[in-house]
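**Student:** the sequence and its predicted three-dimensional model are supplied below.
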Amino acid sequence: MLNKLELIQNKIYNLETLSRLVNQWHMLSKKVVFTNGCFDIIHQGHNTYLLQAAEHGNKMIVAVNSDSSVRKLKGEKRPVVDQYSRAFNLACNTYIDAVIIFDEDTPLSLINTLKPDVLVKGGDYTIDTIVGAKEVLNYGGKVEIIPFLDGYSTTSIIEKMK
């Protein structure tokens, strides 16, 4: 029997294994939700967003930018927390079923491979700026935008720490 630590660690997948799992979920008529981000220092804004995103389906996948991907997006001083720790912290949430780390600049290839039923992003995006939105809509999926929770950002937390 797996202990709790192993249960959390087993929620962090590679693409091949996660793809098989998503296919199983779809065969069981589960509604798969997908979101992505850096999730560098997880705060109330992240948790609120992720909880609301999970409400759009039965199974929740969170794709996490790798360390090198975060550096390209946020600069050389980021991420503050390494990719495995960020993935692990997300996997600790009971409402998140799978976490995957991706190295590309965007999660487009993940979205095209996994074909989630619902793609979710935060309110700082529009349908036109969400990577993968067009593809998800083209195969009959939905795109949801969760209102942005003001007052919470990793950048502002880092600034306070300086």
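**Tutor:** All right, it came through fine. Numbers count the residues shown, from 1 in each chain.
**Student:** and Cys38, backbone torsions?
**Tutor:** phi -80, psi -40 (degrees, to the nearest 10).
**Student:** just the one 3 residues further on next, same as before
**Tutor:** The phi/psi pair for Ile41 (degrees, to the nearest 10) reads phi -120, psi 110.
**Student:** what's the longest helix along the chain in contact with?
**Tutor:** Longest helix in the chain by number of residues (criterion: DSSP state H): helix 15-27. The contact list for helix 15-27 (CB atoms under 8 Å, 6 or more residues apart in numbering) reads Tyr13, Val32, Asn58, Lys59, Ile61, Ala98, Ile100, Leu110, Thr113, Leu114, Lys115, Pro116. Where you see a C-beta, it was placed from the backbone N, CA and C, and this is true even at glycine.
**Student:** could you list which of those residues belong to helices?
**Tutor:** When DSSP H defines the helices, the subset of these inside them is Leu110, Thr113, Leu114.
**Student:** redo those residues as CSV? Include pLDDT.
**Tutor:** Formatted as CSV, the ones in helices among the contacts of helix 15-27 follow (pLDDT from 0 to 100):
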residue, pLDDT
Leu110, 98
Thr113, 98
Leu114, 98
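**Student:** what's the PyMOL line that selects buried ones from these?
**Tutor:** Here is the PyMOL command that picks out the buried ones among the ones in helices among the contacts of helix 15-27, judged by 16 or more other CB atoms under 10 Å:
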select buried, resi 110+114
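**Student:** average pLDDT for stretch 33-40?
**Tutor:** The pLDDT scores in stretch 33-40 average 95.
**Student:** could you do stretch 68-86 as well?
**Tutor:** 93.
**Student:** likewise for stretch 126-146?
**Tutor:** On average, stretch 126-146 scores 97.
**Student:** what residues of the longest helix of the chain count as buried?
**Tutor:** For helix 15-27, burial by neighbour count (16+ other CB under 10 Å) applies to Leu18, Ser19, Leu21, Val22, Trp25, His26.
**Student:** how about the residues you listed in TSV, adding distance to Gly140 and pLDDT?
**Tutor:** Formatted as TSV, those follow (distance: CB to CB, whole Å; pLDDT from 0 to 100):
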residue	distance to Gly140	pLDDT
Leu18	21	98
Ser19	19	98
Leu21	21	98
Val22	16	98
Trp25	16	98
His26	12	98
